[in-house]
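1. pasting the sequence and the predicted coordinates here, then a few questions.
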Amino acid sequence: MKLDLLYEFQPKIKPWDKPHPYGQRAAEQATYDEGIEEIQLADTLGFQTVWCVEHHFRDGRSACPSNEVVLGGLALSTRDIRLGFGVSLMPPGFQHPARVAEKVATVDVLSHGRVEWGTGRSTPMEQLAFHVPADDRSRAQWREAVEIVVKMWEQERFSWDSEMLQMPERMQTPKPFQDPHPPAWLAAASETSAVSAGRNGLGLLSFALLQPVEMMAKTIDAYRGAQDDSAPTLTRVRNDRVGAYTLVHCTDDLDEAATYGLW
């Protein structure tokens, strides 16, 4: 088992210390400064991967809409820790697949091959703001967009013509540092998505939040059951790893921690 970190860059919630917009700005800036310092320390302590989310319009939660910017900075200010897109939102309403290919490959080049590429579809709050369908149509969009990105990385020149996307022939640059490309993952909040990850040869990003551990185990079992080493995969980089996201509280004094009201 490897220990990773996941960062949403959660700013201090309201009430802020100053009136708007200065309270919001100060809280967000302090969150980024503290988070980057923690990640740089984690790099020296042997943590495996740091995952940075892509979330939009989150009030009191995530202030990280541009994980490629954060990970690009970390690529040049860390040495060993792997850099995880946790995740890239793939339906084209969020961003054109060509932009995903460019951003992820650039971080991989800057980090000399330390990228882990997580993918996902998000939730209705974000989907509807970007005119992404908040139903199973986004699942098909996710799959097609992932296929496009991988083909861009592997082919010298690329074109595409489908109902979802039309693109004239172009050369995508840069190509990833890792050959043929970084390992791919899928964030799965349901057994259906976990099965999709298993069938497509992707790593599973799972959750231990707001559910019994037994439910997460059931999701992982479904993922393992869907894996078939002989079946074609969405990418040539077969990934059979599982990441489980949970919350922990680190303290030197349990009695002191009890006064925080955590439990």
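-> Nice, thanks for sending it over.
2. give the next helix or strand downstream of the strand ranked longest in the chain.
-> Longest strand of the chain, by residue count under DSSP state E: strand 82-89. Using DSSP states H and E, the helix or strand that follows strand 82-89 in sequence is helix 97-110.
3. and the helix or strand following that following helix with strand 82-89, angle?
-> Downstream of helix 97-110, the first helix or strand assigned by DSSP H and E is strand 115-120. Counting by axes from the mean of the first three to the mean of the last three CA atoms, to 10 degrees, strand 115-120 lies at 20 degrees to strand 82-89.
4. what does strand 115-120 contact?
-> By CB atoms under 8 Å, 6 or more residues apart in numbering, the surrounding residues in contact with strand 115-120 are 49, 51, 71, 82-90, 104, 107-108, 142, 146, 176-178, 181-187, 202-203, 205. Heads up, the C-betas are built off the backbone N, CA and C, glycines and all.
5. in the sheet, which strands lie alongside it, parallel or antiparallel?
-> With DSSP bridges as the test, strand 115-120 is paired with strand 82-89 (parallel), strand 184-187 (parallel).
6. would you turn these into TSV with distance to G198 and mean pLDDT?
-> Listed next are these as TSV, based on distance: least, CB to CB, whole Å; pLDDT from 0 to 100:
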stretch	distance to G198	mean pLDDT
strand 82-89	17	98
strand 184-187	9	98
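7. do a quick rundown of the helices in the stretch 151-263 of the chain.
-> 191-199, 213-226, 254-258 (DSSP state H, counting those that start in this stretch).
8. and the ones you listed: which comes nearest E37?
-> helix 254-258 (21.9 Å; CB to CB).
9. list the contacts of the closest one.
-> Helix 254-258 is contacted from outside by H249, T251, using CB under 8 Å, 6+ apart.
10. could you give the separation of that helix from the chain centroid?
-> 33 Å (CA atoms, centre = their mean, to the nearest Å).
11. also stretch 217-237?
-> A distance of 19 Å separates the centroid of the chain from that of stretch 217-237, by CA atoms, centre = their mean.
12. cool, and stretch 38-53?
-> 15 Å.
13. repeat that for stretch 84-104.
-> In terms of CA atoms, centre = their mean, the centre of stretch 84-104 is found 10 Å from the chain centre.
14. same check on stretch 27-42?
-> Stretch 27-42 sits 18 Å away from the centroid of its parent chain (CA atoms, centre = their mean).
15. same thing with stretch 142-154?
-> 16 Å.
16. numbering from 3 from now on, please.
-> With 3 as the first residue, the last one maps to stretch 144-156.
17. quick one: buried residues of that stretch?
-> Under the neighbour-count criterion of 16 or more other CB atoms under 10 Å, stretch 144-156 has 144-156 buried.
18. list of residues touching the one helix or strand D45 maps to?
-> D45 belongs to helix 24-47 when elements are defined using DSSP H and E. Under the contact criterion CB under 8 Å, 6+ apart, helix 24-47 has outside partners 7, 9, 11-14, 16-20, 52, 65, 72, 75-76, 79-83.
19. among those residues, name the ones in strands.
-> Judged by DSSP E, strands contain the following of the contacts of helix 24-47: L7, Y9, V52.
20. would you turn these into a markdown table with pLDDT?
-> A markdown table is the format used below for the ones in strands among the contacts of helix 24-47 (pLDDT from 0 to 100):
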| residue | pLDDT |
| --- | --- |
| L7 | 97 |
| Y9 | 97 |
| V52 | 98 |
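21. thanks again, I'm all set now.
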